[in-house]
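*Asks:* sequence unknown, structure follows:
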Ligand SMILES: O=C[C@H](O)COP(=O)(O)O
């Protein structure tokens, strides 16, 4: 049994839009019975991050969904990692496939953001994952290695990696209802851990949490959670529903 703490992140993406919806989600989280052994992190839209952190129970942490590589300057529309730290936001999601695809973020930029976020004192949920075409052509492990490899070039110490949670999110499973099988998630996450062992060190590989994201819901989470290299989840759509509580508790006995 691994000593890694189970981790469940809620990625609200660009939701909710109304104050009422936001309040309902916060009430749902504040009234939930969460497994005490699971670390729970909620990523609201950045505009709401401070308000959500103020209203949320203190055993649930808040993440931003993105940040820039610079602390300040003429970068219209961006959020700086230093500003997040100053605002008391401890986590940031970086490299989400929606950012890579819709906003053309390269693995190199994601790596620079990861470096900047850690330098500013943030912890990072670092997303990686392949497209359907890449999976079908047998390129999954290489795609994940390439994405992580850029980060490894800039972030290599044990201390820095203790601030990173790797989220394996196959692009074909995100928001599609097409969850990876537990065998597929385990196979890729095991290979990802093996890559971290060879590129960094066995110690870093053993202690880094590798979570799964992509159509996780309260029905499929328990089976996925049984896999030895699945250390938790990054949840999109289902994090906006009451079923999220069961996902947080997927690893509880
Ligand atoms: O960050 C979360 C992932 O994009 C998964 O989203 P989903 O659970 O809606 O498939």
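*Replies:* Received the coordinates, thanks. Being a predicted model, the structure only gives us computed values, none of them experimental.
*Asks:* So which elements touch whichever helix in the chain runs longest?
*Replies:* Among the elements of type helix in the chain, defined by DSSP state H, the one spanning the most residues is helix 182-199. In terms of contacts (3 or more Cβ pairs under 8 Å, 6 or more residues apart in numbering; DSSP states H and E), helix 182-199 is packed against helix 140-154, strand 164-168, helix 202-207, strand 209-213, helix 221-225. Every residue, glycine included, has its C-beta placed from N, CA and C.
*Asks:* Adding mean neighbour count and distance to the ligand, write the ones you listed out as a markdown table.
*Replies:* Putting these into a markdown table (neighbours: other Cβ atoms under 10 Å; distance: least, Cβ to the nearest ligand atom, whole Å) gives the following:
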| stretch | mean neighbour count | distance to the ligand |
| --- | --- | --- |
| helix 140-154 | 18 | 15 |
| strand 164-168 | 26 | 7 |
| helix 202-207 | 15 | 23 |
| strand 209-213 | 26 | 4 |
| helix 221-225 | 20 | 11 |
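*Asks:* Nearest spatial neighbour of residue 196, chain-adjacent residues omitted?
*Replies:* Leaving aside its chain neighbours, residue 196 sits nearest to residue 205 (3.9 Å; criterion: Cβ to Cβ, 6 or more residues apart in numbering).
*Asks:* Go ahead and confirm that neighbour touches residue 193.
*Replies:* Yes: Residue 205 is in contact with residue 193 according to Cβ atoms under 8 Å; the separation is 4.9 Å.
*Asks:* check contacts around whatever residue of the stretch 151-253 of the chain ends up closest to the ligand.
*Replies:* Of all residues in the stretch 151-253 of the chain, the one sitting closest to the ligand is residue 236 (2.3 Å; Cβ to the nearest ligand atom). Applying Cβ atoms under 8 Å, 6 or more residues apart in numbering, we find residue 236 in contact with 11, 13, 174-175, 213.
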